[in-house]
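Novice: Give the three-dimensional model of this entry:
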Amino acid sequence: WGEPGGYSPATLAAEIAGLVCAADLAQKAGDTASAERFLKTADEWNASVERWTLAENGPLGGSYYLHSSDGQPNAPTSLAIPGGASYDQRTIVDMSVLDLVRLGVRAPKDPRILATLELAEKELEVGTPKGEIFRRYAHDAYGEGQPGHAPDGHGNLWPLLVSENSIYLVAQSGSEHPASWYLPTVSGAANAGGMLPEQVFADGAPTGSAAPLGWAHAEYVVFALAVKQEHIPDTPAIVAERYAR
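Specialist: Numbers count the residues shown, from 1 in each chain. Predicted structure coming up:
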């Protein structure tokens with residue numbers, strides 16, 4: 001969700017995982033110097049994730065990862081939301097922190113992940129006739145308030161987040177949690193042509209947002225495969241071995 005600048009746990013997860021995978025490729029190609037440099041950087045960034053993004057005195061209580069930070073997550077820095085107002089960065093949480101788990105940077109049951117997820121669910125989960133669906137992040141201002149209107153500062157619900165959260169549930173519990181319960185929630189958000197939209201309204205009906213959203217369909221496929229295999233199919237094993245295990 002690269003709208004605001006700053007340090008994002010999700011972006012850091014992708015960068016750290018990418019560096020570890022690049023180091024593996026470099027090592028196999030005989031470029032030891034590059035492999036060592038990539039791993040050194042990955043380890044330094046991995047050791048800094050919490051220093052850059054974990055609030056420990058935030059108004060939401062306890063320790064939790066921020067949606068985006070200026071690198072000083074305990075500071076009440078004002079963060080401007082595109083299309084909306086500015087808010088204390090410590091009040092903005094989201095589900096993208098789950099990329100730290102999905103990409104093998106943090107363990108599924110890391111207490112900081114669990115605490116952030118609990119807060120994010122309280123802030124972002126909305127009950128619809130199709131099931132529980134999530135908003136992107138607190139104070140999101142991208143979306144239309146009524147069908148057929150241009151985006152007007154009204155954040156809506158994103159079906160793909162149900163897939164991402166369910167993929168995490170598989171990582172956390174394997175076959176012990178019936179994450180498949182949420183497959184109908186995602187498919188139920190499709191439009192009349194069977195295409196998954198970017199956003200839906202609180203009644204579960206598609207907004208005028210992009211449809212089909214390739215990202216939403218891709219996450220649905222990964223979600224279904226994760227349920228079938230009882231593990232996340234796209235977690236880089238070498239990253240998880242280095243950090244999460």
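Novice: Can you tell me what sits against the longest helix belonging to the chain?
Specialist: Scanning the chain for the helix with the most residues, using DSSP state H, yields helix 32-53. The contact list for helix 32-53, computed with C-beta atoms under 8 Å, 6 or more residues apart in numbering, reads 7-9, 12, 15-16, 19-20, 22-24, 26-27, 65-66, 69, 71, 73, 100, 105-106, 112, 243. The C-beta positions use only the backbone N, C-alpha and C, and glycine is treated the same way.
Novice: And for stretch 138-153?
Specialist: 3, 67, 81-85, 87, 91-94, 123-124, 136, 154-156, 199, 201, 205, 207-209.
Novice: of these, buried ones?
Specialist: 3, 67, 81, 87, 91-94, 123-124, 136, 154-156, 199, 201, 207-209 (16 or more other C-beta atoms under 10 Å).
Novice: so of those, which ones are in strands?
Specialist: Using DSSP state E, Y87 are the members of the buried ones among the contacts of stretch 138-153 that sit in strands.
Novice: now, which of the buried ones among the contacts of stretch 138-153 lie within helices?
Specialist: Secondary structure assignment (DSSP H) places E123, L124 from these within helices.
Novice: could you pull out the helices for the chain?
Specialist: 9-28, 32-53, 99-102, 111-124, 160-173, 183-187, 214-229, 237-239.
Novice: Against V227, how distant is the spatially most central residue of the chain?
Specialist: Against the mean C-alpha coordinate of the chain, by C-alpha atoms, centre = their mean, the closest residue is S96 at 1.7 Å. To V227, S96 is 21 Å away according to C-beta to C-beta, to the nearest Å.
Novice: Now do the buried residues in the longest helix of the chain.
Specialist: For helix 32-53, by 16+ other C-beta under 10 Å, it's A35, F38, L39, T41, A42, W45, N46, V49, E50, W52, T53.
Novice: what's the closest of those to T185?
Specialist: The nearest member of these to T185, counting by C-beta to C-beta, is T53 at 28.9 Å.
Novice: Give me the distance between A13 and V222.
Specialist: From A13 to V222 the distance is 16 Å (C-beta to C-beta).
Novice: who's more crowded, the two?
Specialist: Between A13 and V222, A13 has the larger neighbour count (other C-beta atoms under 10 Å), namely 26 against 19.
Novice: Please tell me how far the more buried one sits from I113.
Specialist: Here A13 is placed at a distance of 11 Å from I113 (C-beta to C-beta).
Novice: any shared contact partners between the two?
Specialist: Common neighbours of A13 and I113 (C-beta under 8 Å, 6+ apart) are L100.
Novice: And the lowest mean pLDDT element among the helices and strands of this structure?
Specialist: strand 78-80 (a mean of 90; mean pLDDT, DSSP states H and E).
Novice: was I right about Q199 contacting S209?
Specialist: Yes. With contact defined as C-beta atoms under 8 Å, Q199 counts as touching S209 (4.2 Å).
Novice: excluding its backbone neighbours, what's nearest the residue nearest to the centre of the chain?
Specialist: A10 (3.7 Å; C-beta to C-beta, 6 or more residues apart in numbering).
Novice: So the one you found is in contact with R102, correct?
Specialist: No. Counting by C-beta under 8 Å, A10 sits too far from R102 to count as a contact (9.3 Å).
Novice: In terms of neighbours, single out the busier of these two.
Specialist: R102 (25 against 22).
Novice: and that one, how far is that from T128?
Specialist: Using C-beta to C-beta, one gets 25 Å for the distance from R102 to T128.
Novice: where does this structure have low pLDDT?
Specialist: The chain contains residues with pLDDT under 70 at 1-2, 150-152.
Novice: what about the closest residue to P233 other than its chain neighbours, how many neighbours?
Specialist: Distances taken as C-beta to C-beta, 6+ apart put L225 closest to P233, at 5.1 Å, once the chain neighbours are dropped. Applying other C-beta under 10 Å, we find 15 residues neighbouring L225.
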